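> Next come a sequence and a model predicted from it.
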There are 2 protein chains.
Amino acid sequence: MATTERQPGKASPRDRLLDAAARLSYQDGVSVGIEALCRAAGVSKRSMYQLFDSKDAMLAASLERRIPWYEAQLAHPDPGSATPRERILYVFEQLARASLDAGYHGCPYLAVLVELKDPEHPASVVARGVKEALAARFRTEAEQGGAREPELLARQLVLVFDGASARAGAGVERLDDGLVMATVTALLDAAGVRQA
Amino acid sequence: MATTERQPGKASPRDRLLDAAARLSYQDGVSVGIEALCRAAGVSKRSMYQLFDSKDAMLAASLERRIPWYEAQLAHPDPGSATPRERILYVFEQLARASLDAGYHGCPYLAVLVELKDPEHPASVVARGVKEALAARFRTEAEQGGAREPELLARQLVLVFDGASARAGAGVERLDDGLVMATVTALLDAAGVRQA
DNA sequence: CACGGTATACACCGATCGGTTTCTTTCGTG
DNA sequence: CACGAAAGAAACCGATCGGTGTATACCGTG
């Protein structure tokens, strides 16, 4: 066999590393040491450096790998039968839901951008892509919803999204009452997004 | 004399340290080394540890010292003749203005909360206080402006404030067009804050 | 002048940083 | 069974981390 298969109980070293990197860098910040990462992943440092060129590359890869899951988390379960307004609101419902988790520390991609202040860092490039994709999604929904200025509304929505996730993650705000929903609703109404 | 006076050209080691700490921790993140801080301040490491108990304490002190300047930056120059709405809008005008600076990396207090994920960290306590003060200020203005739900509006405004500063600081958004003003105006209108 | 607090310079501490090297074990495949 | 690639264990690299110990120079005050 060309590629070695793994039994369900044991993921490949690569996957274990990416999972540990995602979890620990989110929990403790991007400055976690590779020693700690490898220990948590049960992988030797030697193996890690055969799989990735550097810590930076592994961090970027771990962020990249989470993108499909992250975006699916925010996607309406039945996009066909939902209105653009409902699909937009669903994103923020999910944000508010996720923020209730005890281990919530805000949007991991925004956190990475804030922590690594270097825009050239490979992980920053990945994170920026995620943010742009979210804005693009909002823009599409805004257009379909009949917003007067779809581009403006989309940028307003990511503003609220990042503000809410950052503040909730920092523990200075709670999203479990109607805060985000009320805010987004006000913006949708002001932009003229159709109710139905 | 009890306290040693300094001639204008040379600040005290304590002030030089606090200035360097504020500047470098903002520029490079809170993980900057003490060695680098002391070098930038022109102060020996030994002196630093005689003035502060720890790096954490010095970081907290440097944040604390910037509070009056930071809050004055956001305060309307002529509060008496301005309406609550104008005073609120002025905060965001100033935010947009500051974000144009080449060295802008977002609100330093929010950045500290995001970077040090530890809410117990002395610097986090200071930062949280600043954020609470901003919310309180918005709440007061909202009440005076006749908002239907002053508390809700205040929380919405800090959401936008932190979202805008974080995104501008991360370089994924520009505030120099009317983005924040349009957003805040929409929220003020929705909350029923008086125009005049 | 002599004193005492302040600051400096600099070596040092154990720990950890990102990254490399060497050697050994494991394991699927021929 | 024998082979070779993958993975692991652990020592090692120079650098830096936060923090100390020690000894010396400065400087305003008594």
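Arrived safely, thanks for sending.
> hmm, the longest helix along chain A touching DNA strand C?
Secondary structure of chain A read by DSSP state H shows that its longest helix is helix A:122-144. No - Helix A:122-144 does not reach DNA strand C (CB under 7 Å from any atom of the strand); its nearest approach is 11.3 Å. From N, CA and C alone the C-beta is placed, and that goes for glycine too.
> Only alpha carbons, please: show that helix as CSV.
This file holds the C-alpha atoms of helix A:122-144, laid out as CSV (Å, rounded to 0.1, in the frame of the first residue of the first chain):
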residue,chain,number,x,y,z
PRO,A,122,2.2,32.3,7.2
ALA,A,123,-0.5,31.9,9.9
SER,A,124,-1.5,35.5,9.5
VAL,A,125,-2.0,34.9,5.8
VAL,A,126,-4.3,32.0,6.5
ALA,A,127,-6.2,33.9,9.1
ARG,A,128,-6.7,36.9,6.8
GLY,A,129,-8.1,34.5,4.2
VAL,A,130,-10.7,33.2,6.6
LYS,A,131,-11.8,36.7,7.5
GLU,A,132,-12.0,37.7,3.9
ALA,A,133,-14.1,34.6,3.2
LEU,A,134,-16.5,35.6,6.0
ALA,A,135,-16.9,39.1,4.6
ALA,A,136,-17.5,37.7,1.1
ARG,A,137,-20.2,35.4,2.5
PHE,A,138,-21.9,38.3,4.2
ARG,A,139,-21.6,40.3,1.0
THR,A,140,-23.3,37.6,-1.0
GLU,A,141,-26.1,37.3,1.5
ALA,A,142,-26.5,41.0,1.7
GLU,A,143,-26.9,41.2,-2.1
GLN,A,144,-29.4,38.4,-2.2
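> Beyond that helix, next helix or strand please.
helix A:150-170 (DSSP states H and E).
> Are that following helix and chain B in contact anywhere?
Yes - Helix A:150-170 is in contact with chain B by CB under 8 Å from any CB of the partner chain, via A:152, A:155-156, A:158-164, A:166-167, A:169-170.
> Contacts made by the strand or helix carrying A:Leu37 with the rest, please.
Using DSSP H and E, A:Leu37 falls within helix A:34-41. By CB atoms under 8 Å, 6 or more residues apart in numbering or on different chains, the residues outside helix A:34-41 that reach it are A:13, A:16-17, A:19-21, A:23-24, A:44-45, A:47-48, A:55, A:58.
> pLDDT at the residue of chain A found nearest chain B, what is it?
Going by CB to the nearest CB, chain B is nearest to A:Gly163 of chain A, at 2.5 Å. At A:Gly163, the model reports a pLDDT of 98.
> Spell out which parts of chain A neighbour DNA strand C.
Proximity of chain A to DNA strand C, by CB under 7 Å from any atom of the strand, involves residues A:1, A:4, A:31-36, A:45-46, A:49, A:54-56.
> Pull out the buried residues from the residues you listed.
Buried positions within the residues of chain A next to DNA strand C, assessed by neighbour count (16 or more other CB atoms under 10 Å in any protein chain shown), are A:32, A:34, A:55-56.
> Mark out where each domain of chain A begins and ends.
A:13-65, A:67-191 (automatic domain parsing).
> still on that earlier bit, check the buried ones among the residues of chain A next to DNA strand C against B:Pro79 and report the nearest one.
Nearest to B:Pro79 among these: A:Val32, at 45.4 Å, using CB to CB.
> so the closest one makes contact with A:Arg23?
No - between A:Val32 and A:Arg23 there is no contact under CB atoms under 8 Å: 9.8 Å.
> Show me the shaky parts of chain A.
Along chain A, the model assigns pLDDT under 70 to residues A:1-9.
> and A:Ala190, how far is that from A:Glu35?
A:Ala190 sits 51 Å away from A:Glu35, going by CB to CB, to the nearest Å.
> now the helix holding A:Leu37: how far from the chain's centre is it?
Relative to its chain's centre, helix A:34-41 lies at 23 Å (CA atoms, centre = their mean, to the nearest Å).
> near DNA strand D at all, it?
No - against DNA strand D, helix A:34-41 shows no contacts by CB under 7 Å from any atom of the strand, the least distance being 7.8 Å.
> hmm, the helix or strand that that helix is followed by touching DNA strand D?
Counting by DSSP H and E, the next helix or strand C-terminal to helix A:34-41 is helix A:45-51. Yes - Helix A:45-51 is in contact with DNA strand D by CB under 7 Å from any atom of the strand, via A:45-47, A:50-51.
> Same list, the residues you listed, but only the ones touching chain B.
Okay, of the residues of helix A:45-51 next to DNA strand D, nothing touches chain B (CB under 8 Å from any CB).
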